[in-house]
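In: Provide a 3D model corresponding to the input given below.
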Amino acid sequence: MDIKLFDKSDEQYVKEAANLLAACFPHAYSNCAFEEMNVILDEERVAVMAVEGSHLIGFAGAIPQYGVTGWELHPLVVNEAYRSKGIGSQLVYALEKEVAARGGIVMYLGTDDEFGKTTLSGIDLFDGLFEKIQSIRNLENHPYEFYQKIGYKIVGVIPDANGYGKPDIWMAKRI
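Out: Modelled structure (predicted):
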């Protein structure tokens, strides 16, 4: 497997990335994955990809914010057959290295809980938010723990961002 900057000129990789994006996030990208890939691969953004043989098996992207010092990690996708093998971590590390080379000092991300996968879902977070964040538990394989393992910290929550009781968990890491 090889991890490198996303080859934006390779139509096969762009098509495979769009299909992967739609498969990983069908609720968000099932009808617009190719359009989203055009946004992800925009000139100002950065993307890295994981290739096995001649096929794309994962990719990660970043959006410059706050000038170039803060970057949003969006998205991170890995083919289901290749998950839990360290590919996601390697993609994020490669992306962090590229962002740092461009002047980035912090990466952040939002990891939605739209489907009741943490103890922050389904409750009123406007009361006792910080205590609830401190006692968060993963109920059903929510990705926030993956990000914690690679150095990201929960820095906040946007209650009801995706509807009542469906928060967006914000995480960040100094790179």
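In: which residue packs closest to residue 163, ignoring adjacent ones?
Out: Nearest non-adjacent residue to residue 163, counting by CB to CB, 6 or more residues apart in numbering: residue 114, 7.5 Å away. Quick note: C-beta positions are derived from backbone N, CA and C, even for glycine.
In: OK, contacts around the one you found?
Out: Contacts for residue 114 were tallied using CB atoms under 8 Å, 6 or more residues apart in numbering; they are 27, 121, 162, 163, 166.
In: Packing partners of the helix or strand of the chain with the lowest mean pLDDT?
Out: Least confident helix or strand of the chain, by mean pLDDT, DSSP states H and E, is helix 26-29 with a mean of 89. Applying 3 or more CB pairs under 8 Å, 6 or more residues apart in numbering; DSSP states H and E, we find helix 26-29 packed against no helix or strand.
In: ok, the residue nearest to residue 163 to residue 61 distance?
Out: 20 Å (CB to CB, to the nearest Å).
In: How about the secondary structure of residue 98?
Out: Going by DSSP: H, G, I helix; E, B strand; the rest coil, the secondary structure assigned to residue 98 is helix.
In: circling back to that earlier point, which two of the contacts of residue 114 have the greatest separation?
Out: Farthest apart among these by CB to CB are 27 and 121. That separation is 15.1 Å.
In: Looking only at neighbour counts, state which of those two leads.
Out: residue 121 (20 against 8; other CB atoms under 10 Å).
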